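>>> pasting the sequence and the predicted coordinates here, then a few questions.
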Amino acid sequence: MDLDKFKVHGEPLIYGAMVSIVLVSIGILVGLTYFKKWGYLWREWLTTVDHKRIGVMYILAALLMLFRGGVDAMMMRLQTAAPEMKFLDAQHYNEVFTTHGLIMILFMAMPFIIGLMNVVVPLQIGARDVAFPRLNAVSFWLFFFGAMLLNISFVVGGSPDAGWSAYFPLASLEFSPTVGNNYYSLALQISGIGTLMTGVNFIVTILKMRAPGMKLMKMPMFTWSVLITNVIIVFAFPVLTVALALMMFDRLFGSQFFTMANGGMDMLWANLFWVWGHPEVYIVILPAFGIYSEIIATFARKNLYGYKSMVASMVVISLLSFLVWAHHFYTMGQGVMVNSFFSISTMAIAVPTGVKIFNWLFTLRKGRIEFTTPMLYSLAFIPIFTIGGVTGVMLAMASADYQYHNTMFLVAHFHYVLIPGAVFAVIAGFHYWFPKVFGFRLNERLGKHAFWWIIISFNVTFFPLFILGLKGMTRRMYTYSEETGFGPLNMLSFAGAVGLAIGFVILVYNIYWSTRYQPRDKTGDPWNARTLEWATHSPIPAYNFAIEPEVETLDPFWEAKYGNKPIFKKPLAKIHMPSNTGKPFILGVIFFFFGFFMVFSMWKSAIVAGVGILIVMAAMSFDRDHGFYISADEIAATEKKLGGKQI
């Protein structure tokens, strides 16, 4: 065994970070032991199949990854603001921008979105859980341990260093001989399998478990966005799984799928990656559109304008998302005809997106707007995302892209799309649905302080990158000479990044302060919202709804409150609930060790772990979970304790 592969070679900064990670981990273990919380943790969280708790764990993991990805971003901005400091060398800069992209897209934005859909979708459709609760737990633990496998690369062996898109031949064993890109292929495969399971689970849940009377065209807009998103997941993620498997074979077993000799084709990777990669953008943005639709309608005190056109535009976006992938490599010699097709399809996708913008604006027109924290994020999204969309149309023109390609202009563009289109949305949704889960709001004053820090600092950080790109600064550039004149704008961008960090610190402090001091609100309707999830208590009981709801309108909660159309018509009856199980957690742990052993070519250990995976999967297949029943008397007692009956 080559023990040198396990080492990470770096400066004191790298070693200091490693020590910090180890000390924090030890501190958590000691704290759990001292306060005797291991039993509680195992019973209530690690073995749970409750969609709400799984959603909370997704969100907690996403917040943790937001911190990790944010630290990466700060290090990059500092290095480019003052390259003479030599804060990072070329190798560590490569590793940092690679892990930043991977973590922010795959391990922050996606789990945050999936966490919100776990919490909200069953409630919006009147279900007591997802269709396959145990599969839902497996999905989470595969995602989580895939994320942990990627993050441990920072401590053991070295991080991926070929960019988040891992283009060949740069990602090949010849040009990246360390184990970093082995981590890339294995960690993304493990978490990707979990995401694919989520896609299947939510499609079945939405199509088969809606409340009586809830036709497809009566579903809330967020549920529609989740349905379309999961259809994209089911079609896109198998492509990534295959590409990563071929990458693994190239790096670990000497196959030559992506080589430049012996019949290989490095451009095959670029095509496979972006056939998945561009739909992935819409996997995180379409649910964000659903979140904004819910929030804007609630705080404008109006029905959502153009419901049918909103649904149609999302369907069109999902179809076009699979027809634009080659715009990521216009400059790689595809020819005029191919570039023209993808240029037209890329510009065409802006049309249904524009339809949604106008629908939100018409929803706001003549509304009685309430400027709450989630509404502020939603309003800020519209102009900022429009800037990202307009610059996207500029990049869509193949001939113009020869000037923009691989410059900081492109970096500014996708941050102007993804941060307002995903990060602002999940923060807004987090504020909006927080009282539904925990029974109290986050502090509005602190929320608005964080909002202004984040919005202003975002523009200070990324708008200068448009100018830097037009001046010729390429992306992934870790140093430059003073004669280029890049320094002042990069320093301004770093100042904005510091402001963003302050905003996120205030957001985290708001969670802490509100948990300790915010008054509890158990009315079930803290925002005076419209959709079905608000028709149950805050916080939500384990069974979600004491009585199965019956839906007649598009805004059932609003109609039940003000239109005299009750949605709970049957008497209380016993409720069947699934029982918890530790097998999904154990399966995730074994997958983690399997991936780790594969990364370092420890074949015997990997085979043992693989057999362990098969054993646990076989045991799960023979499970006969009969669950348990909650009696009508227990439900009535819980309802009384929570503050009265449902509407």
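The structure has been received and is ready for your questions. Everything quoted here is computed from the prediction, not taken from an experiment.
>>> start and end of stretch 170-181, how far apart?
10 Å (Cα to Cα, to the nearest Å).
>>> ditto for stretch 313-330
One end of stretch 313-330 sits 26 Å from the other (Cα to Cα).
>>> now that stretch: mean pLDDT?
Averaging pLDDT along stretch 313-330 gives 93.
>>> tell me which residues of it come out buried.
Neighbour counts over stretch 313-330 (16 or more other Cβ atoms under 10 Å) mark 313-314, 316-318, 320-330 as buried. Heads up, the C-betas are built off the backbone N, CA and C, glycines and all.
>>> again with stretch 33-51
Judged by neighbour count using 16+ other Cβ under 10 Å, the buried positions of stretch 33-51 are 45, 46, 47, 48, 49, 50, 51.
>>> give the buried residues for stretch 393-404.
Buried-residue list, stretch 393-404, by 16+ other Cβ under 10 Å: 395, 396, 397, 398, 401, 404.
>>> state the next helix or strand along the chain beyond the helix or strand harbouring residue 118.
Taking DSSP states H and E as the criterion, residue 118 maps to helix 110-124. Next helix or strand after helix 110-124 toward the C-terminus (DSSP H and E): helix 133-152.
>>> how far does that next one sit from the chain's center?
Distance of helix 133-152 from its chain centroid, counting by Cα atoms, centre = their mean, to the nearest Å, is 13 Å.
>>> repeat that for stretch 255-272.
30 Å.
>>> picking up where we left off before, for the helix holding residue 118, which helices and strands make contact with it?
Applying 3 or more Cβ pairs under 8 Å, 6 or more residues apart in numbering; DSSP states H and E, one finds that helix 110-124 makes contact with helix 51-81, helix 133-152, helix 180-208, helix 221-253, helix 266-300, helix 424-438.
>>> out of these, flag the one nearest residue 475.
For the helices and strands packed on helix 110-124, the distance to residue 475 is smallest for helix 51-81, at 10.4 Å, taking Cβ to Cβ.
>>> hang on, the earlier thing: for residue 39, which of the helices and strands packed on helix 110-124 is the nearest?
The minimum distance between residue 39 and the helices and strands packed on helix 110-124 falls on helix 51-81, with 16.1 Å, by Cβ to Cβ.
>>> which residues belonging to that closest one are considered buried?
Buried residues in helix 51-81, defined by neighbour count with 16+ other Cβ under 10 Å: 51-59, 61-66, 68-70, 72-81.
>>> and if you look at stretch 159-178?
Buried positions in stretch 159-178, judged by neighbour count with 16+ other Cβ under 10 Å: 159-172, 176, 178.
>>> which members of the residues you listed define the maximum pairwise distance?
159 and 169, at 19.2 Å, using Cβ to Cβ across the buried residues of stretch 159-178.
>>> quick check, central residue of the chain?
In the chain, the centroid-proximal residue (Cα atoms, centre = their mean) is residue 110; its distance is 1.7 Å.
>>> which residues touch residue 22?
Residue 22 makes contact with residue 155, according to Cβ atoms under 8 Å, 6 or more residues apart in numbering.
>>> next one: residue 557
Counted by Cβ under 8 Å, 6+ apart, residue 557 has contacts 525, 529, 530, 531, 532, 533, 534, 535, 567, 647.
>>> of those residues, which is the nearest to residue 589?
For the contacts of residue 557, the residue nearest residue 589 by Cβ to Cβ is residue 533; the value is 32.8 Å.
>>> residue 560 versus that closest one, what's the distance?
13 Å (Cβ to Cβ, to the nearest Å).
>>> who has more neighbours, these two?
For residue 533 versus residue 560, neighbours defined as other Cβ atoms under 10 Å are more numerous around residue 533 (25 against 22).
>>> who are the neighbours in contact with the spatially closest residue to the more buried one that is not a sequence neighbour?
For residue 533, ignoring the flanking residues on the chain, the nearest one in space by Cβ to Cβ, 6 or more residues apart in numbering is residue 123 at 3.5 Å. By Cβ under 8 Å, 6+ apart, residue 123 lies in contact with 436, 532, 533, 536, 540, 544.
>>> ok, residue 330 next?
By Cβ under 8 Å, 6+ apart, the residues touching residue 330 are 339, 342, 343, 398, 401, 402, 405.
>>> what about those residues, which are in helices?
Counting by DSSP state H, the contacts of residue 330 place 339, 342, 343, 398, 401, 402 in helices.
>>> surely the fifth one meets residue 331?
Yes - the pair residue 401 and residue 331 qualifies as a contact (Cβ atoms under 8 Å) at a distance of 6.9 Å.
>>> sorry, back to before: how about the buried residues of stretch 33-51 in JSON lines, adding pLDDT?
Below are the buried residues of stretch 33-51 laid out as JSON lines (pLDDT from 0 to 100):
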{"residue": "45", "pLDDT": "94"}
{"residue": "46", "pLDDT": "94"}
{"residue": "47", "pLDDT": "94"}
{"residue": "48", "pLDDT": "94"}
{"residue": "49", "pLDDT": "94"}
{"residue": "50", "pLDDT": "94"}
{"residue": "51", "pLDDT": "95"}
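>>> most widely separated two among those residues?
46 and 51 (15.7 Å).
>>> which residues does the residue nearest to the centre of the chain contact?
Residue 110 sits next to 195, 283, 284 when contact means Cβ under 8 Å, 6+ apart.
>>> where does it land on pLDDT?
Predicted confidence (pLDDT) for residue 110: 94.
>>> for residue 157, same thing?
So, for residue 157, pLDDT stands at 85.
>>> pretty sure it is touching residue 181, no?
No - using Cβ under 8 Å, residue 157 is not in contact with residue 181, being 10.7 Å away.
>>> the two - which one has more neighbours?
residue 181 (29 against 20).
>>> now the more buried one: how far from residue 500?
29 Å.
>>> residue 579: what secondary structure?
What DSSP: H, G, I helix; E, B strand; the rest coil gives for residue 579 is coil.
>>> and residue 629, that's in a strand?
Yes - the assignment for residue 629 by three-state DSSP puts it in a strand.
>>> can you name the residues that contact it?
Contact partners of residue 629, counting by Cβ under 8 Å, 6+ apart, are 574, 575, 576, 577.
>>> show me what it bridges to in the sheet.
residue 576 (DSSP bridges).
>>> start the count at 46, not 1, going forward
Got it, first residue is 46 now, which makes that one residue 674.
>>> okay, it: pLDDT?
89.
>>> and if you look at residue 284?
95.
>>> same question, residue 56
60.
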